[in-house]
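Engineer: Structure for the following, please:
(2 chains)
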Amino acid sequence: MKDQLKKRIESTLALLISQQSLPADISAEVHLERTKDRAHGDYASNIAMVLAKPARLNPRQIATMIVEAFPPHEMIEKVEVAGPGFINFTLSSAARLQVVAEVLQKSGYYGLSNYGKGKKIQVEFVSANPTGPLHVGHGRGAAYGSVVSSLLSAVGFAVHREYYVNDAGRQMDILTTSIWLRYLEKCGEQITFPSNGYRGDYVIEIADSARQQFGDALRHPASTVFAGVTADEPQGGDKEQHIDALIQQAKQLLGTDNYRQLFDLGLTAILDDIRNDLAEFGAEYDEWFSERSLVESGVVDRAVEQLKSTDFLYQQDGAWWFKSTEFADEKDRVVVRDNGQATYFASDVAYHLNKYQRGFDQIIDIWGADHHGYIPRVNAAMKALSQDPDKLKVLLVQFAALYRGQEKISMSTRSGEFVTLRQLREEVGKDAARFFYVLRSADQHMDFDLELAKSQTNENPVYYVQYAHARICSVFRQLADRKLDWHEPTGLANLALLTEEHEQVILTMLARYPEIVETAAINYTPHVLAHFLMDLARDFHTYYNAHQFMVDDVAVSQARLTLIAAVRQVIANGLGLMGVSAPQLM
RNA sequence: GCGCCCGUAGCUCAGCUGGAUAGAGUAUCGGUUUCCGAAACCGAGGGUCACAGGUUCAAGUCCUGUCGGGCGCGCCA
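Structural biologist: Now for the predicted structure:
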């Protein structure tokens, strides 16, 4: 409808120019938008005001010319000039009503489109280090990433959801060492746990299973373990050096095979937990991509070699540096350390190069806002490797500050003092948690009040939307109880009886839904959908309170039932995209 | 110091990429149930869109500066 209108405006303009009513040398893109106020019709265009200056005419004068020359159309009831020079279009009743039949006919498919034309798009999200359970901070990325993926899929992209598993590197060594030290405690050794180790209870649980699996086979006397290890921070030493020394001890005393087995035990336990957690949260993945696989298959080394061949890599102080300042980064970055070890950045370059090579048309990374400083160097590396920088889009999700009432909760994985995503789900429920996370735009800092989210009352907007759905279901149950019937064809045939203001508002909302899905998908703004659903629910509740659906006039009754059946469908579709359930009873 | 995200009602936030009288929820106050679910609805009060300039028919929205908040700036990951 909108596109048809646009074309008609454009051809009207062309007509006016050919009649020399307007100068020939003017041009502007016709912009058409939904009106905020129903008094302004359904659509409005500002084209007359945009053309006023180049045409050297009064905007209202231009608008009047367009309106008078505008060809009549059965779908358009009236076209009029308003305000400073807007052209308002009011749709005919028939045009407004047709959405009901469309919704019911397409049912679960209503709102889907082929905007993306099957283009391959990869969405990588969460990708938290497998060094501990996911916490509520990761929850926001999980909810956001999964809804963005669903939206993109809904508008016709072939979406590939991926989790990058950082299963190589120092953090994993710290985890492995932490597990080992807890294991030694289980064996009866007296251990002073390093201040930089992972302290969560889950480490102790993994140590328990290590004990079951290995018995005392990995046991070494504490005196041997700590022999020659530099002091920890509380003892006046450096905590980083201390933990590094302990890692070396672990590798040496355990030997390669045992160390690797312990490493894998921890990795598997935590990764299984994360997988399970995300699945229960409704965040599904197509692929779990291992960093270690990149390293071990030599892909990282090849990427480094490839960089070396570009003139953007140079050697200094024994290390290899990437000249990212050539691409607007603030400083150059080390790719290979003086000890010959590739940096994390190197594997990230390799990983992103790999994404390009897999042939995605669009690559989306969803990162926590704390990684924003990382964007320029990744972009720089891709440019240096002659990849199209426009294909890569990094979306940042701002932090969710956690509150319990007025009190701010500090979060730290190392110390083990954090609220896990699992705890949150258990307390709040999946539906409320997802809706709450996605309610705010991602680039907005958000205060997540656990007390508020926990409260299973009207304070939580998800119930408001779900209630609208359940309420409609309830109407149809009542109908059956009263031995009445909903006959869809009768309803569709009598839609013209929906003349109430509330009904007109709802019709507009139903028609807007596909536009909302598209907007939300293209701009990666799922909160737009959340807000739409709240608005639609409000419009329905208002309607519900103002009018009866089961009235004596069969034609009116059937028409109204048909309308609310369409509302129910759209709410269900929208909640479905958000990964939130649409209950029939609650 | 530099970079990124912000600053809108008492509080939490929208504001459709520049449009018409800046909106919701919540909180406060007042009302609605012999009637399909009151987890709902209706009404009222509440604003210098941080501040100052600029761009134009039009600025909460764009540009510059100032102030304030969050985050990041390692041969860590």
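
Engineer: who's the closest residue in space to residue A:86 that isn't next to it in sequence bridged to?
Structural biologist: In space, and not counting its chain neighbours, residue A:86 is closest to residue A:44: 5.0 Å by Cβ to Cβ, 6 or more residues apart in numbering. C-beta coordinates here come from the backbone N, C-alpha and C atoms, glycine included. Legend: beta-bridge partners of residue A:44 under DSSP bridges are residue A:33, residue A:88.

Engineer: residues contacting residue A:44?
Structural biologist: Going by Cβ atoms under 8 Å, 6 or more residues apart in numbering, residue A:44 touches A:32-35, A:82, A:86-89.

Engineer: Nearest residue to residue A:240 in space, please, no chain neighbours.
Structural biologist: residue A:196 (6.6 Å).

Engineer: Show the backbone phi and psi for the residue in the stretch 201-350 of chain A positioned nearest to RNA strand B.
Structural biologist: Of all residues in the stretch 201-350 of chain A, residue A:317 sits closest to RNA strand B, at 2.9 Å by Cβ to the nearest atom of the strand. With angles defined as degrees, to the nearest 10, residue A:317 sits at phi 50, psi 30.

Engineer: isn't it right up against residue A:337?
Structural biologist: No. Between residue A:317 and residue A:337 there is no contact under Cβ atoms under 8 Å: 10.0 Å.

Engineer: okay, those two: which has more neighbours?
Structural biologist: More crowded of residue A:317 and residue A:337, by other Cβ atoms under 10 Å: residue A:337, with 13 against 7.

Engineer: Against residue A:159, how distant is residue A:151?
Structural biologist: 9 Å (Cβ to Cβ, to the nearest Å).

Engineer: Show me which of the two is the more surrounded one.
Structural biologist: residue A:151 (26 against 22).

Engineer: what's the closest residue to the more buried one other than its chain neighbours in contact with, if anything?
Structural biologist: Nearest residue to residue A:151, sequence neighbours excluded (Cβ to Cβ, 6+ apart): residue A:521, at 3.8 Å. Residues in contact with residue A:521, defined by Cβ under 8 Å, 6+ apart, are A:115, A:148, A:151-152, A:154-155, A:157.

Engineer: between those, which is nearest residue A:200?
Structural biologist: Nearest to residue A:200 among the contacts of residue A:521, counting by Cβ to Cβ, is residue A:148 at 29.6 Å.

Engineer: My guess is the closest one contacts residue A:527. True?
Structural biologist: No. At 10.8 Å, residue A:148 does not count as touching residue A:527 under the criterion of Cβ under 8 Å.

Engineer: quick one, which of those two is more surrounded?
Structural biologist: A count of neighbours by other Cβ under 10 Å puts residue A:148 above the other of residue A:148 and residue A:527, at 25 against 17.

Engineer: Mind telling me what element the more buried one is part of?
Structural biologist: helix A:136-154 (DSSP states H and E).

Engineer: How far off centre is that helix?
Structural biologist: Centroid displacement of helix A:136-154 relative to its chain, using Cα atoms, centre = their mean, to the nearest Å, is 3 Å.

Engineer: quick one: average pLDDT of that helix?
Structural biologist: Across helix A:136-154, the average pLDDT comes to 93.

Engineer: that older thread, please convert the contacts of residue A:521 to TSV, extending it with distance to RNA strand B.
Structural biologist: Below are the contacts of residue A:521 laid out as TSV (distance: Cβ to the nearest atom of the strand, whole Å):
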residue	distance to RNA strand B
A:115	14
A:148	14
A:151	14
A:152	15
A:154	17
A:155	14
A:157	17
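
Engineer: can you pull out the helices in the stretch 1-150 of chain A?
Structural biologist: Remark: helices assigned in the stretch 1-150 of chain A by DSSP state H, counting those that start in this stretch are A:2-18, A:47-55, A:59-69, A:93-106, A:136-154.

Engineer: and what of the stretch 201-350 of chain A?
Structural biologist: Going by DSSP H, counting those that start in this stretch, the stretch 201-350 of chain A shows helices at A:201-214, A:222-225, A:239-280, A:291-296, A:299-308, A:344-357.

Engineer: can I get these in a markdown table with distance to residue A:182, mean pLDDT and mean neighbour count?
Structural biologist: A markdown table is the format used below for the helices of the stretch 201-350 of chain A (distance: least, Cβ to Cβ, whole Å; pLDDT from 0 to 100; neighbours: other Cβ atoms under 10 Å):
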| stretch | distance to residue A:182 | mean pLDDT | mean neighbour count |
| --- | --- | --- | --- |
| helix A:201-214 | 4 | 96 | 17 |
| helix A:222-225 | 13 | 95 | 14 |
| helix A:239-280 | 10 | 95 | 17 |
| helix A:291-296 | 23 | 92 | 17 |
| helix A:299-308 | 31 | 93 | 18 |
| helix A:344-357 | 26 | 94 | 20 |
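
Engineer: which of the helices of the stretch 1-150 of chain A is buried the deepest?
Structural biologist: Looking across these with neighbours counted as mean count of other Cβ atoms under 10 Å, the highest average goes to helix A:136-154: a mean of 25.

Engineer: tilt between it and helix A:239-280?
Structural biologist: For helix A:136-154 against helix A:239-280, the angle by axes from the mean of the first three to the mean of the last three Cα atoms, to 10 degrees is 40 degrees.

Engineer: Could you give the number of residues near residue A:496?
Structural biologist: Residues lying near residue A:496 (other Cβ under 10 Å) number 11.

Engineer: Flag the shaky bits of chain A, pLDDT-wise.
Structural biologist: Scanning chain A with the threshold set as pLDDT under 70 gives A:404-418, A:452-459.

Engineer: mind giving me the domain split of it?
Structural biologist: Under automatic domain parsing, the residue ranges defining each domain of chain A are A:2-91, A:170-274, A:461-578.

Engineer: Switch those over to JSON lines; also include distance to RNA strand B.
Structural biologist: Listed next are the domains of chain A as JSON lines, based on distance: least, Cβ to the nearest atom of the strand, whole Å:
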{"stretch": "domain A:2-91", "distance to RNA strand B": "3"}
{"stretch": "domain A:170-274", "distance to RNA strand B": "4"}
{"stretch": "domain A:461-578", "distance to RNA strand B": "3"}
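
Engineer: looking at the helices of the stretch 201-350 of chain A, which is closest to residue A:10?
Structural biologist: Among those, the nearest to residue A:10 by Cβ to Cβ is helix A:344-357 (38.5 Å).

Engineer: Other residues contacting that closest one?
Structural biologist: Contacts of helix A:344-357 (Cβ under 8 Å, 6+ apart): A:122, A:124, A:164, A:168-169, A:289, A:291, A:294-295, A:299-300, A:302-304, A:306-307, A:322, A:333-336, A:363, A:374, A:377-378, A:381-382, A:385, A:387, A:391-392.

Engineer: got the domains of chain A as JSON lines, with distance to residue A:370 columns?
Structural biologist: What follows is the domains of chain A, written out as JSON lines (distance: least, Cβ to Cβ, whole Å):
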{"stretch": "domain A:2-91", "distance to residue A:370": "37"}
{"stretch": "domain A:170-274", "distance to residue A:370": "15"}
{"stretch": "domain A:461-578", "distance to residue A:370": "19"}
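
Engineer: Go through those domains and name the closest to residue A:111.
Structural biologist: In terms of Cβ to Cβ, the element of the domains of chain A nearest to residue A:111 is domain A:461-578, at 4.8 Å.

Engineer: what distance separates that closest one from the centre of its chain?
Structural biologist: In terms of Cα atoms, centre = their mean, the centre of domain A:461-578 is found 26 Å from the chain centre.

Engineer: So for it, first residue to last residue, what's the gap.
Structural biologist: Domain A:461-578 has its terminal residues 14 Å apart, counting by Cα to Cα, to the nearest Å.

Engineer: With stretch A:335-346 instead?
Structural biologist: Stretch A:335-346 has its terminal residues 5 Å apart, counting by Cα to Cα.

Engineer: Verify the stated contact: the residue nearest to residue A:240 with residue A:241.
Structural biologist: No. Counting by Cβ under 8 Å, residue A:196 does not reach residue A:241; the two are 9.7 Å apart.
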